[in-house]
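Novice: Structure here, sequence nowhere to be found:
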């Protein structure tokens, strides 16, 4: 990339980070920018999928087009390929000519059937338990020359900086969502517990035991039972008030 294109790219990343609501949104937009940049270098259409790997899952979370998402998901269905390998070893992995590259026979056959003869996996460097990679696809064989690969790797390094921030934001969002759900559960159960205490003149511990037994006898989740009880008594669903 030239200095001018670097400046443009940094500006685009700023816009993506500021405008994205979720990590998935950011990665989708990121893949579009990446595909556009490499398409200009290759002189042919390049598709870009993005894989995000966390502790319990590896999945496609963005793509420059429906075709990019489709091609990226093929690799996940098969279980190995240049993108997954790039994440595993932390290095760029190239399939220069898919028809003659037999490292992943099933994946090779699938790409040939999709008329995709070049593939490139570029790792993104994240902190903590998450890792990711850009998965580039092009129809011509040997589409990714050394100069194009260098540009893709430079792109990956720059994008990693923004992605580290977005993953942290996404992790915080997940934690906040989990906390919100937990607090909502607690609110409904506490209100129902108070109703049982009032109706039975018992302690809070005894009320909780009554609720648990009722939940078990009805084969109904404790929160659902609690919400139903609160609604029956008050005519309103329980509401958790917090910011």
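Specialist: Nice, I can see it. All values derive from a computational prediction rather than experimental measurement.
Novice: where along this protein do the strands fall?
Specialist: In the chain, the strands defined using DSSP state E lie at 46-54, 57-63, 93-95, 118-124, 131-138.
Novice: Columns distance to residue 223 on top of those strands, output as CSV?
Specialist: C-beta: built from backbone N, CA, C; applies to glycine. Listed next are the strands of the chain as CSV, based on distance: least, Cβ to Cβ, whole Å:
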stretch, distance to residue 223
strand 46-54, 27
strand 57-63, 26
strand 93-95, 46
strand 118-124, 38
strand 131-138, 35
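Novice: Please convert the ones you listed to CSV, extending it with mean pLDDT, mean neighbour count and distance to residue 105.
Specialist: Below are the strands of the chain laid out as CSV (pLDDT from 0 to 100; neighbours: other Cβ atoms under 10 Å; distance: least, Cβ to Cβ, whole Å):
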stretch, mean pLDDT, mean neighbour count, distance to residue 105
strand 46-54, 88, 26, 21
strand 57-63, 81, 19, 20
strand 93-95, 97, 21, 12
strand 118-124, 95, 26, 14
strand 131-138, 92, 28, 18
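Novice: ok, now which ones touch the most centrally placed residue in the chain?
Specialist: Nearest residue to the geometric centre of the chain (Cα atoms, centre = their mean): residue 61, 4.5 Å. The neighbours of residue 61, taking Cβ atoms under 8 Å, 6 or more residues apart in numbering as the test, are 23-24, 27-28, 50-52.
Novice: now it: how far from residue 161?
Specialist: For residue 61, the distance to residue 161 (Cβ to Cβ, to the nearest Å) stands at 18 Å.
Novice: One more: residue 106?
Specialist: Following Cβ to Cβ, the distance that separates residue 106 from residue 161 is 35 Å.
Novice: For this structure, which segments are assigned as helices?
Specialist: Secondary structure of the chain by DSSP state H: the helices cover 3-19, 23-42, 66-78, 82-89, 105-113, 146-200, 204-218, 222-234.
Novice: how long is stretch 88-100 from one end to the other?
Specialist: Its first and final residues considered, stretch 88-100 spans 23 Å by Cα to Cα, to the nearest Å.
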